[in-house]
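Trainee: Got a predicted structure plus its sequence, pasted below:
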Amino acid sequence: MKLQEQEFFASRDPEIATAANAAARKRLIKKLADTDPALFEEYGAALRRAGGESHFLRLSGRFPLTGRGDINTYAVFAEGSRHLIADRGRMGMILPTGIATDATTQYYFKDLVRRASLVSLYDFENAKPLFDGVHRSFKFCLLTLAGRGERVPKADFAFFAHDPSDLLKDDARFELTPEEIQLLNPNTGTCPIFRTRRDAEITLGIYRRVPVLINENDPVNGNPWGISFMRMFDMSNDSHLFHTRDELEADGWTLNGNVFERPVAAAERERERERTPRPEWSE
């Protein structure tokens with residue numbers, strides 16, 4: 001649902017679409033107010049429309065599980081479709097595999113697991129391709145769900161299939177209970193991925209003996225090592241902090257070893273070298 005600037009300007013202004021980074025692209029967009037007011041107004045209207053749609057999906061209460069983060073239409077489609085299933089009915093959908101593995105859809109998949117609504121998830125890679133016009137590395141899945149009046153004790157899984165016939169191979173499919181999925185991914189609740197049933201059995205055996213480093217569901221004993229995670233830089237949001245060598249040299253920065261120094265720093269370092277007394281050698 002987020003307006004993608006590169007896609008929007010691809011056919012309207014290739015210079016903006018092919019800008020070096022997000023910061024450079026925003027500078028060019030800002031100039032449109034003077035150089036191309038009509039395109040600038042069109043961009044503003046598209047931005048308002050995307051913002052309005054995103055506002056509805058996030059705050060209307062219609063999509064509490066998928067109306068968050070960078071909202072993708074397939075995710076809200078998947079959540080909305082659950083309301084169509086009869087209490088003891090079934091529904092199958094073809095969706096990107098990210099519905100079960102991505103951070104922004106974790107609440108949706110976690111709810112499927114918690115309610116034992118997941119019947120099966122068969123993951124495919126479009127290498128053949130099965131869908132013409134879709135990139136061959138794209139991953140999609142066949143997701144089958146049960147109605148809210150039924151609890152499925154075990155869900156059936158398969159990953160990295162290239163053709164529906166791959167699901168018939170020995171050891172290609174395996175079952176996991178809701179409890180086992182929560183054991184493997186207690187924090188996110190996302191879907192664990194294995195190539196074979198044996199891989200799943202080995203991993204489950206490890207997790208039963210050795211827990212995850214941090215269990216966010218246990219605030220008292222869930223982090224015995226005192227570990228914390230942080231994200232230092234984002235190449236899109238922090239693109240204005242990164243500069244090319246040509247940009248730095250044009251601004252007067254100099255390379256000292258493998259570190260660029262600003263002009264003032266280089267001059268200060270030279271003055272400090274001159275002030276430092278040199279050792280006197282005597283015979």
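Mentor: Everything's here; your move.

Trainee: Enumerate every residue touching residue 95.
Mentor: Contacts for residue 95 (C-beta atoms under 8 Å, 6 or more residues apart in numbering) come out as 74, 77, 78, 140, 141, 143. C-betas here are computed from N, CA, C, even on glycine.

Trainee: Which SSE is immediately downstream of the longest helix along the chain?
Mentor: The residue-count maximum for a helix in the chain (DSSP state H) belongs to helix 37-59. Proceeding N to C from helix 37-59, the next assigned helix or strand is helix 73-81, under DSSP states H and E.

Trainee: Over that following helix, what's the mean pLDDT, rounded is fine.
Mentor: Averaging pLDDT along helix 73-81 gives 95.

Trainee: Just the C-alphas of the helix or strand following it, formatted as PDB.
Mentor: Once the chain leaves helix 73-81, the next helix or strand it forms, by DSSP H and E, is strand 90-96. Provided in PDB are the C-alpha atoms of strand 90-96 (Å, rounded to 0.1, in the frame of the first residue of the first chain):
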ATOM      1  CA  ARG A  90     -12.300 -25.000   4.600                       C
ATOM      2  CA  MET A  91     -10.600 -22.400   2.300                       C
ATOM      3  CA  GLY A  92      -7.500 -22.600   0.100                       C
ATOM      4  CA  MET A  93      -5.500 -19.600  -1.200                       C
ATOM      5  CA  ILE A  94      -2.400 -19.100  -3.300                       C
ATOM      6  CA  LEU A  95      -0.300 -16.400  -1.600                       C
ATOM      7  CA  PRO A  96       3.300 -15.300  -1.300                       C
END
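
Trainee: okay, the angle between strand 90-96 and helix 73-81?
Mentor: With axes from the mean of the first three to the mean of the last three C-alpha atoms, to 10 degrees as the basis, strand 90-96 and helix 73-81 are set at 170 degrees to each other.

Trainee: Quick one: distance of stretch 14-33 to the chain centre.
Mentor: In this view, stretch 14-33 has its centroid 24 Å away from the chain centroid, taken as C-alpha atoms, centre = their mean, to the nearest Å.

Trainee: mind giving me the domain split of the chain?
Mentor: The chain breaks down into these structural domains: 5-11+16-54, 63-209, 243-275 (assignment by automatic domain parsing).

Trainee: Out of the ones you listed, which gets nearest to residue 227?
Mentor: Residue 227 lies closest to domain 63-209 among the domains of the chain, at 12.4 Å (C-beta to C-beta).

Trainee: Next, the distance between the ends of the closest one.
Mentor: Using C-alpha to C-alpha, to the nearest Å, the end-to-end distance of domain 63-209 comes to 37 Å.

Trainee: circling back to that earlier point, of the domains of the chain, which is nearest residue 230?
Mentor: Comparing the domains of the chain against residue 230 with C-beta to C-beta, the closest turns out to be domain 63-209 (15.6 Å).

Trainee: How about the contacts made by residue 84?
Mentor: Contact partners of residue 84, counting by C-beta under 8 Å, 6+ apart, are residue 91.

Trainee: same thing with residue 19?
Mentor: By C-beta under 8 Å, 6+ apart, the contact set of residue 19 is 25, 28.

Trainee: Count the residues that sit near residue 63.
Mentor: A count of nearby residues for residue 63, using other C-beta atoms under 10 Å, gives 20.

Trainee: shouldn't it be in contact with residue 54?
Mentor: No. Counting by C-beta atoms under 8 Å, residue 63 stays clear of residue 54, with 10.9 Å between them.
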